[in-house]
Structures are given as C-alpha cells and as structure tokens.
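>>> Can you look at this prediction? I've put the sequence above it.
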Amino acid sequence: MLYQLSYLGAGNVIVPRHVVWRRGIREPTRGARAATARAVTALDTMRSVAAPDRATLAAFALVVLFFGANWIGMRFSNRELPPLWGATLRFIGCAAIVHAIVLARGIPYPRGRMLAGAIVFGTLAFGVNFTLAYPGLVYVPAGMGSVFYATVPLSTLLMANALGLEPFRFRALAGALLALAGAAVVFRDQLSFAVPAAAMAAVLLASLADAGAATAIKTFPRGQPLAMNAVAMTVGLLFLLVASTIAGEPRVLPQRLETWLALVWLVGATIAGFVLLVWVLGHWTVSATAYVRVLSPLVTVVLATTIAGESITSGFLVGGALVIAGVYVGALSRPREPAADAVPEP
C-alpha cells in the first residue's frame, strides 16, 4: 500500500494514499479520518516504544518525586481532616488553579473525543481512584497499600496489550514482576491480612482504576495537558464531593498550620505531577510510565526516614534494588537491533 504525508494541524502524519477527500479538500471523509487516526496511533506507538529522550526521563523523575512526597502530605492532612473531605479540599484548589491558568493563557478546552478522554481519565484517576483509596488507606497500612499500587505496571501492561496499544513483551512482564517483588520486600513488615477485607478490596480496586486511567487516555486523541487536567480534576472533585456527602463527613477547615501547609503542598504537587504525567504519557509507553507507582513509595520512605531521623534498613536496600532492576528491564532496556545488512531491501 502506498502512503503519503498529510498535514492535519497537529503535525505531519502518514495516511493511506487511497484516502478520498470531500469537495473543498479541507474536510476529510469518515474513512479518511479513521485511517488518519490509525496512522497517528501507530506512529505514536512506534515513537513511544523507542528509548525515551532526556526531557521525558526528567519529567518522569519529577512525577516520581511529586507523587512520593504526596504520601507524606496526605498523612498530615488525614490527621485532622476526614479523608474524603480532605481530598475534596485538595481538588477544589487544584481545579480552581488549573482552570485559572487555562483561561489566563487562552488554552482551548478539549472537545469531542478529546473531551471524552479527559472525562474518562478524571473519572478513573481522580474519581474512582481517590474515592476508594482515601478511606481504604485509613485501615490498610501505607506499606501494604504501596504493594497494591506496585501491581499497576503489571495491570497496565495487560490492559495495554488487550487494547492493542502495545505488543506483549516478556521483558515488560519480567520487569513488572521484579518491581512488584521489590515492593513486597521493602514493605514486608507491613504486609498483614488482619485488615478488613473491604478496605483491602477498595485499595486494590483503586490501583486498578489508576492503571485503567493511564491506559484509557492513550486510546483518545492527545490533548493539551493543562486543559485535559482542568476537566479531569473537575470530574474528580465532583466524585469526591458526592462521596464525602454520602459518608456524612463534616465540612470543616483545618485549624493547624501543618495541615494547611500539607494542603498547599498537595495542591501544587498534584497539579505539577499530573500535568507532567499526561505529558509523559504522550511521549512514552503507558506500561513504562506506570512504573511511577512503584518508584514513588521509595521516595516516600526516604523522605519519611529523613524527617524522622531514622536509618534506611537493609530490606529497603534489597527491595529498592529489585524495583530499580524491574524498572530497567521493563521500561528502559530494549532488545538488540538487527544488523543493518540483515534488514531486507523493500
């Protein structure tokens, strides 16, 4: 099949040569739009499977740092505020600031399928994920919750493969299992089944929603990260507000300075972290990006032990090494390229 380049506003993409355009040439037929969408998806997949560039790795590292530090902020917030109401206050601030930035910079809001992608992302990443995780982590130890979230790379890999977003790779499977084993070693002291089954189920379902959010957004057209998050955070805010109301939580404001500082941090870090996350998802595979959820608890442990003046344990070092090995095998390593003279001429 012959192909040609066509400019469609977002950049040059390859579309089948047999595409037929309507009169006026500017408006493509339904078949042309479908063929172009498939071509863009294929190009995005080929581009993202390649080794990430420095900007992508730097953004990925920042997301890990923000998400890791957020666990500390959530701990301070939950000491004074009801969990769902504390999350609601967090996303009131996030949504208000992101909408203000979008309006001030004149960034267009997503429309059509892009809007649908933002709504789905917000429903899963903020609505279902946080609505289940916040109350679940009241009963589930933080370490055990981290192990549940360490399943995100494995869940994401399977979802991406099932949806045809990525080919199945045994390296990715091995990396996901290595990282999961490493998280289990790091938090082995907190693994306990003397926890309400409903709480464990809530956190596990939250981790699946987190994996589903990143996977789902890759099936929709890519949007501007700030505008996408403005919509998504608003959706999440509505979920959390309804859940807090159903739970009968009191509407109170923090009285302690440390709680206010925690909320300020959570708002800023959530905005920066998720805007960068959406950007990384546009430049790397969803299965590789999912390792954020395995690496961020390691940052949490380092920060918590530093604040408490404690020392790092040998279990942390061993488990951390397994996690890093898993990230390398599953996300960074690539099979050897075939020799140039081994590639047949077209």
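Yep, it's here. The structure presented is a predicted model; accordingly, all values stated were derived computationally and were not measured.

>>> rest of the way, CA atoms for contacts and neighbours
OK.

>>> and residue 131, what does it touch?
Contacts for residue 131 (CA atoms under 8 Å, 6 or more residues apart in numbering) come out as 84, 239, 240, 243.

>>> average pLDDT across the helix or strand containing the third one?
Read that as residue 240. Here residue 240 sits within helix 225-246, counting by DSSP states H and E. In this model, helix 225-246 has a mean pLDDT of 96.

>>> Would you mind listing the buried residues in it?
By 16 or more other CA atoms under 10 Å, the buried positions in helix 225-246 come out as 225-241, 243-244.

>>> what do you get for stretch 67-86?
Counting neighbours by 16+ other CA under 10 Å, stretch 67-86 gives 67-78, 80-86 as buried.

>>> And stretch 85-105, by the same measure?
Applying a neighbour-count criterion of 16+ other CA under 10 Å, one finds 85-95, 97-99, 102 buried in stretch 85-105.

>>> Next up, the contacts around residue 94.
Contacts for residue 94 (CA under 8 Å, 6+ apart) come out as 233, 267, 268, 270, 271.

>>> OK, contacts around the first one?
If I follow you right, that is residue 233. For residue 233, the contact set (CA under 8 Å, 6+ apart) comprises 91, 94, 95, 122, 126.

>>> quick check, nearest of those to residue 276?
residue 94 (14.2 Å; CA to CA).

>>> related to what we said a few turns ago, which of the contacts of residue 94 ranks first by neighbour count?
Each of these was scored by neighbours using other CA atoms under 10 Å; the highest score is residue 233's, at 31 neighbours.

>>> re the thing from before, tell me which entries of the buried residues of stretch 67-86 lie within helices.
Counting by DSSP state H, the buried residues of stretch 67-86 place 67-78, 80, 83-86 in helices.

>>> Where does the prediction get shaky in the stretch 151-300 of the chain?
Residue ranges of the stretch 151-300 of the chain with pLDDT under 70: 192-193.

>>> which residue is nearest the centroid of the chain?
In the chain, the residue lying closest to the centroid (CA atoms, centre = their mean) is residue 214, at 5.0 Å.

>>> I figured that one was touching residue 281, is that so?
Yes. With contact defined as CA atoms under 8 Å, residue 214 counts as touching residue 281 (7.5 Å).

>>> circling back: take the contacts of residue 131 and lay them out in JSON lines including distance to residue 201.
Listed next are these as JSON lines, based on distance: CA to CA, whole Å:
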{"residue": "84", "distance to residue 201": "17"}
{"residue": "239", "distance to residue 201": "19"}
{"residue": "240", "distance to residue 201": "18"}
{"residue": "243", "distance to residue 201": "17"}
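
>>> which two in those residues are spaced the farthest apart?
The widest separation within these (CA to CA) is 9.8 Å, between 84 and 239.

>>> and the residue nearest to the centre of the chain, what element?
helix 197-217.
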